[in-house]
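A.B. asks: 3D model of this:
(chains A and B)
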Amino acid sequence: GQNIDQPTEMTATEGAIVQINCTYQTSGFNGLFWYQQHAGEAPTFLSYNVLDGLEEKGRFSSFLSRSKGYSYLLLKELQMKDSASYLCAVRDGDYKLSFGAGTTVTVRA
Amino acid sequence: TAGITQAPTSQILAAGRSMTLRCTQDMRHNAMYWYRQDLGLGLRLIHYSNTAGTTGKGEVPDGYSVSRANTDDFPLTLASAVPSQTSVYFCASSPISSSEQFFGPGTRLTVL
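C.D. replies: Numbers count the residues shown, from 1 in each chain, chains lettered A, B, ... in the order given. From the prediction side, this is the model:
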């Protein structure tokens, strides 16, 4: 099984940077995903890491350290529309996803 | 392109009644999934299908059944609903089981 931990809530100011950490303990690892979910909507894919290191995609970056069971999602130049829940998900050897409970980010003006 | 559609959008159901949540995708994805999302628990996998004609159990399959008669449709059935099945249900699909998943808009189910 999977045990995935991420903070429940974070608050940041518009234009700032926020880092959302995710730690995991798995019985098998085949990649880590980050999804964004606005209130009342479906999750949408943000990033995917399977090898150690940093993946950058515009204002969003995701980092993975497999040896430490650790990932983070970095949101730069925060905008009001970035207020949402961010879900960390680990894929196991059978290609099934296990999700963390999500981190709710609130961006304030 | 519609992507993934789910029906109904929301439903109130009496305990003991049966219900089928519908999920249809038009992307010709091979793999499909059903999750439930509860406050504080995140998304949990109920059942999945890697390809038409096959299904598998996820983390929380009890009380639910699925079928995959064709590529496009993946209905989820609650045979006899109980209040603990009150949740938001998301259907998802991916081209193959190893790729990213795309989620439908969800069905909010309340069992009284």
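
A.B. asks: Tell me where the model's unsure across chain B.
C.D. replies: B:1 (pLDDT under 70).

A.B. asks: Within range of chain A, give me the residues from it.
C.D. replies: Residues of chain B lying close to chain A (Cβ under 8 Å from any Cβ of the partner chain) are B:31, B:33, B:35, B:40-45, B:48, B:50, B:58-59, B:90, B:97-98, B:100-106. Where you see a C-beta, it was placed from the backbone N, CA and C, and this is true even at glycine.

A.B. asks: Narrow these to those that are buried.
C.D. replies: B:31, B:33, B:35, B:42-45, B:48, B:50, B:58-59, B:90, B:97, B:100-104, B:106 (16 or more other Cβ atoms under 10 Å in any protein chain shown).

A.B. asks: In strands, which of those fall?
C.D. replies: B:31, B:33, B:35, B:42-45, B:48, B:90, B:102-103 (DSSP state E).

A.B. asks: from these, which single one is nearest B:Gln11?
C.D. replies: Distances from B:Gln11 to these, taken as Cβ to Cβ, are shortest for B:Phe90 (14.6 Å).

A.B. asks: Which stretches in chain A count as strands?
C.D. replies: A:2-5, A:9-13, A:18-26, A:32-37, A:44-49, A:53-57, A:60-65, A:70-75, A:84-91, A:97-99, A:103-108.

A.B. asks: Ok, which of the ones you listed comes nearest B:Thr77?
C.D. replies: Using Cβ to Cβ, those put strand A:97-99 closest to B:Thr77, at 22.3 Å.

A.B. asks: How far off centre is the closest one?
C.D. replies: The chain centroid and the centroid of strand A:97-99 are separated by 12 Å, computed with Cα atoms, centre = their mean, to the nearest Å.

A.B. asks: now swap in stretch B:37-57 and tell me
C.D. replies: On Cα atoms, centre = their mean, the centre of stretch B:37-57 falls 7 Å from that of its chain.

A.B. asks: likewise stretch A:9-19?
C.D. replies: Using Cα atoms, centre = their mean, the offset of stretch A:9-19 from its chain centre is 14 Å.

A.B. asks: Give me the distance between the two termini of it.
C.D. replies: Length of stretch A:9-19, first residue to last, Cα to Cα, to the nearest Å: 12 Å.

A.B. asks: buried ones in it?
C.D. replies: For stretch A:9-19, by 16+ other Cβ under 10 Å, it's A:10, A:12, A:18.
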